[in-house]
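Engineer: what shape does this take:
(2 chains)
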Amino acid sequence: MLGIDGLSAGEITGLLDLSEEFVDLNRQIEKKRTTLRGRTQINLFFESSTRTQSSFELAGKRLGADVMNMSIASSAIRKGETLLDTAATLNAMHPDLIVVRHQASGAVELLAQKVQCSVINAGDGAHEHPTQALLDALTIRRNKGDIGRLTVAICGDILHSRVARSNIVLLNTLGARVRVVAPTTLLPAGIERMGVEVFRDMRAGLKDADIVMMLRLQRERMNGSLIPSTKEYFHYYGLDTAKLKYAKPDALVMHPGPMNRGVEIDSAVADGAQSLIQEQVEMGVAVRMAVLEALARNLPNA
Amino acid sequence: MSRSATRPILLTNARVIDPSRDLDQPGDVLITDGVIRESGKNIRAAGIPEGAEIVECNGHVVAPGLVDMRAFIGEPGAEHRETLASASQAAAAGGVTTIVCQPDTDPPIDDPATVDYVLRRARDTAIVHVLPMAALTKRLEGKEMAEIGLLKAAGAVAFTDGTKSVMNAQVFRRTLAYAADFDALIVHHTEDANLVGDGVMNECEYASRLGLLGIPKEAETVMLARDVRLVALTEARYHAASITCEESIKVLRRAKEEGLSVTASATINHLALNENDVGSYRTFLKLSPPLRAEEDRQALAAAIKEGVIDVVVSDHNPQDVEVKRLPFADAAPGAVGIETMLPVGLRLVHDKSLSLLKLLHAMSTRPAELLDIQAGSLRPGAPADVVLFDADMPWVLDRSTLKSRCSNSPFDEARLSGRVLRTIVAGRTVYEYV
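Structural biologist: Predicted coordinates for the structure are as follows:
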């Protein structure tokens, strides 16, 4: 599971259907399954993460796997080991599933070539974050039904966002109308040829949108290099109640977290009635269980 | 400026020149309530409002008031050099009805509150319109883009780092790209700081004889060529602040042929003077960018005529005695010029380099278009910012009579032909020659 790119609409829908089962399971008191009993899952996070790592950990444990977390602060990488040496070392321990996040685009794919087990991309650089796109799709589908009828506006730092790329691919595959809204400095070159409509003016970009998906702006990009200041960014590209009014009255707001309140999103919106942000987190566990289960079906049994 | 009702004015028996309509003909101009009511021939037939002031123009020129896109004013921070009030007095005497002041003040105009301060201060103390350009980068350091959206919303008409160039091409590229989203005009001083080095005048034989370090023309052309490619990449609106040499004109011409949104100014000093005018270390002729060769001066005039260079600016830069009465290399660059830009510009008309219509176009209509402001036109309904001038009256400039707080004019004791007789701003006479 390296990316959304390459998945068919049927495969995506299948994963979403499977996820629905786990949403129900997760709401029960007894949340355990045994699909992954005896299996070893390694969470290898080269970049720090709270919600993705903990939700993969919970997903693995609820399916019965032995889950080991490796965060980079305490690993040999700090001592100068290369990515491929780390992969070889882990491979020698015979894991069944490795969940990887890495700061470099393509690093997860590189690692996947060197290990024998299933690899799940938990985010590589500015490339893909497939389980985030799936959990977003699940959240949208549960609230709005058929994704193919919807207009989705993705707003903010598109340039550095793997969430945006995975979502653009997924939403296009399911037939949604996708818009991106950002200043030119936060848009990658050629974005208009990736199946999206491009807007520099947020009000125009939000007009009649069903879903407003906000992206996090990294702190180091806030002052002067790509945008002048957080003050100006919030004024023109921060989602507040005034700008949200341009979207459909029943539009819903999403954010992959962690949020910068007062930078890309106003608290009144983040905590408001139209916000799906907490539901996204809940869906995250279910979607990751579905992905682990789907992969487990293909694991060798001998 | 107060908005109270003004007496109607009829300017009669004038040579009416309106570059916004390509018009140069005998006629009258009627001003009521601060706007042009009518202009052209036979307007008296429609009747003159009661109580109107009737000004007999004796065939002298009535034209839109000048719009000076580049003037350095010391307020806030260096009021001993110039205030908005004193600059506006000088402007009025020179027929300039709109001054665009530069952001290299202290503090620099790099946040919306300072834009607001300058606008309020100008409203309360200046007798002509004053519009600020804001900083392109924070503190004019060329490192981080300024709040272009908020500054524009506060009233900044364009963005510039004054006499500094943004050396970091990545910073400049991103700033252009961001500015394009807001349709903001970027005005850039085009000089590569490393090529300028410690140079103080044009790199030429004369500089070598004087023992002064030269600044090659390539310092300008290299930076301009870089900028043009970045404009093509970002589709920003770009204006070169002060073009001085023939090679740069070629770069501009090609950019325009490519259809890029590239425009340029030349200063009145570079159109009227050359490197030899530095004479014996005359610091009033130390400018940035420096005066170039005579061929370059002639090429600039031809480029104005051709339209490759769009705008003529005063580059008004008051410097006091303490920073000018120094060895040439140590003296501050800059010259006052807002009060004399029209008479000096008329030299180009008298020597047949330019038509009067073209000169006035480059000094009023064209800058107003680039800045997207209501000015530079005598169309009915336009704001009544008007200049009446005698295009031929001979006089000798005595710099002690200049209205600016500083008198560092390179044209002291120069013989000039042509003089402003009356300047009207928003229908109110703010200057009259007596």
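Engineer: excluding sequence neighbours, find me the nearest residue to the residue of chain B found nearest chain A.
Structural biologist: For chain B, the residue positioned closest to chain A under C-beta to the nearest C-beta is residue B:144, at a distance of 2.2 Å. C-beta: built from backbone N, CA, C; applies to glycine. Distances taken as C-beta to C-beta, 6 or more residues apart in numbering or on different chains place residue A:224 nearest to residue B:144, at 2.2 Å, with adjacent residues excluded.
Engineer: that neighbour: neighbour count?
Structural biologist: 19 (other C-beta atoms under 10 Å in any protein chain shown).
Engineer: residues from the stretch 51-200 of chain A in reach of chain B?
Structural biologist: A:183-185, A:200 (C-beta under 8 Å from any C-beta of the partner chain).
Engineer: where does residue 77 land on pLDDT?
Structural biologist: If you meant another chain, say so; for now it's chain A. Note on residue A:77: pLDDT of 66.
Engineer: ah, no, chain B please
Structural biologist: 95.
Engineer: can you report phi and psi for it?
Structural biologist: The phi/psi pair for residue B:77 (degrees, to the nearest 10) reads phi 110, psi -30.
Engineer: likewise residue B:266?
Structural biologist: With angles defined as degrees, to the nearest 10, residue B:266 sits at phi -120, psi 150.
Engineer: for it, give its distance to residue B:69.
Structural biologist: For residue B:266, the distance to residue B:69 equals 11 Å [C-beta to C-beta, to the nearest Å].
Engineer: also residue B:104?
Structural biologist: Applying C-beta to C-beta to residue B:104 and residue B:69 gives a distance of 15 Å.
Engineer: excluding sequence neighbours, find me the nearest residue to residue B:232.
Structural biologist: residue B:260 (5.7 Å).
Engineer: my read: that neighbour touches residue B:233, true?
Structural biologist: No: the criterion here is C-beta atoms under 8 Å, and residue B:260 misses it with residue B:233 at 10.2 Å.
Engineer: ok, the two, which is more surrounded?
Structural biologist: Taking other C-beta under 10 Å, residue B:260 and residue B:233 do not tie; residue B:260 has more neighbours (18 against 12).
Engineer: need the residues that contact the helix or strand containing residue A:70.
Structural biologist: Here residue A:70 is covered by strand A:66-71, with elements defined by DSSP states H and E. Applying C-beta atoms under 8 Å, 6 or more residues apart in numbering or on different chains, the contact partners of strand A:66-71 are A:38-45, A:48, A:53, A:56-57, A:60-61, A:95.
Engineer: which elements pack onto the longest helix anywhere in chain B?
Structural biologist: In chain B, with assignment by DSSP state H, the single longest helix is helix B:218-234. Here helix B:218-234 touches helix B:169-181, helix B:193-196, strand B:237-240, helix B:246-257, going by 3 or more C-beta pairs under 8 Å, 6 or more residues apart in numbering or on different chains; DSSP states H and E.
Engineer: can I get the ones you listed in CSV with distance to residue B:12?
Structural biologist: Below are these laid out as CSV (distance: least, C-beta to C-beta, whole Å):
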stretch, distance to residue B:12
helix B:169-181, 45
helix B:193-196, 52
strand B:237-240, 37
helix B:246-257, 40
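Engineer: that older thread, angle of the next helix or strand after the strand holding residue A:70 against strand A:66-71?
Structural biologist: Next in sequence after strand A:66-71, counting helices and strands by DSSP H and E, comes helix A:83-91. Interaxial angle of helix A:83-91 relative to strand A:66-71 (axes from the mean of the first three to the mean of the last three C-alpha atoms, to 10 degrees): 160 degrees.
Engineer: hey, C-alpha coordinates of helix A:83-91 in PDB?
Structural biologist: What follows is helix A:83-91, C-alpha atoms only, in PDB (Å, rounded to 0.1, in the frame of the first residue of the first chain):
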ATOM      1  CA  LEU A  83      17.600   3.800   5.100                       C
ATOM      2  CA  LEU A  84      18.400   0.600   3.200                       C
ATOM      3  CA  ASP A  85      20.600  -0.800   6.100                       C
ATOM      4  CA  THR A  86      17.700  -0.100   8.400                       C
ATOM      5  CA  ALA A  87      15.400  -1.900   6.000                       C
ATOM      6  CA  ALA A  88      17.700  -5.000   5.900                       C
ATOM      7  CA  THR A  89      18.000  -5.100   9.600                       C
ATOM      8  CA  LEU A  90      14.200  -5.000  10.100                       C
ATOM      9  CA  ASN A  91      13.700  -7.500   7.400                       C
END
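Engineer: quick one: contacts of it?
Structural biologist: Contacts with helix A:83-91, where a contact means C-beta under 8 Å, 6+ apart, come from A:42, A:44, A:75-77, A:81, A:98, A:102, A:107, A:110-111, A:114-117.
Engineer: of the contacts of strand A:66-71 - the most surrounded one?
Structural biologist: Taking other C-beta under 10 Å as the neighbour criterion, residue A:56 ranks highest of these with 28 neighbours.
Engineer: show the pLDDT at residue B:413.
Structural biologist: 95.
Engineer: mind listing the residues bridging to residue A:67?
Structural biologist: Per DSSP bridges, the residues bridged to residue A:67 are residue A:41.
Engineer: start and end of stretch B:234-244, how far apart?
Structural biologist: Terminal residues of stretch B:234-244 are spaced 25 Å apart (C-alpha to C-alpha, to the nearest Å).
Engineer: ignore what I typed, I meant stretch A:217-232.
Structural biologist: 13 Å.
Engineer: residue B:107: how many residues sit nearby?
Structural biologist: Residue B:107 has 14 neighbours, counted by other C-beta under 10 Å.
Engineer: my guess is it meets residue B:77, correct?
Structural biologist: Yes: judged on C-beta under 8 Å, residue B:107 makes contact with residue B:77 at a distance of 6.7 Å.
Engineer: hmm, back to that, quick one, which of residue B:104 and residue B:69 is more surrounded?
Structural biologist: Set side by side, residue B:104 and residue B:69 show more neighbours around residue B:69, with 31 against 21, by other C-beta under 10 Å.
Engineer: export the longest helix anywhere in chain A to PDB, keeping only CA atoms.
Structural biologist: Taking DSSP H as the criterion, chain A has its longest helix at helix A:277-296. The C-alpha coordinates for helix A:277-296 follow below in PDB (Å, rounded to 0.1, in the frame of the first residue of the first chain):
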ATOM      1  CA  ILE A 277     -12.300  17.100  12.200                       C
ATOM      2  CA  GLN A 278     -13.000  14.800  15.200                       C
ATOM      3  CA  GLU A 279     -14.800  12.300  13.000                       C
ATOM      4  CA  GLN A 280     -11.800  12.100  10.700                       C
ATOM      5  CA  VAL A 281      -9.700  10.900  13.600                       C
ATOM      6  CA  GLU A 282     -12.200   8.200  14.400                       C
ATOM      7  CA  MET A 283     -12.400   7.100  10.800                       C
ATOM      8  CA  GLY A 284      -8.600   6.900  10.800                       C
ATOM      9  CA  VAL A 285      -8.500   3.900  13.000                       C
ATOM     10  CA  ALA A 286     -11.200   2.100  11.000                       C
ATOM     11  CA  VAL A 287      -9.500   2.800   7.600                       C
ATOM     12  CA  ARG A 288      -6.200   1.600   8.900                       C
ATOM     13  CA  MET A 289      -7.700  -1.600  10.200                       C
ATOM     14  CA  ALA A 290      -9.300  -2.200   6.800                       C
ATOM     15  CA  VAL A 291      -6.000  -1.600   5.000                       C
ATOM     16  CA  LEU A 292      -4.200  -4.000   7.400                       C
ATOM     17  CA  GLU A 293      -6.800  -6.600   7.000                       C
ATOM     18  CA  ALA A 294      -6.900  -6.300   3.200                       C
ATOM     19  CA  LEU A 295      -3.100  -6.800   3.100                       C
ATOM     20  CA  ALA A 296      -3.200  -9.600   5.600                       C
END
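Engineer: alright, I will stop here.
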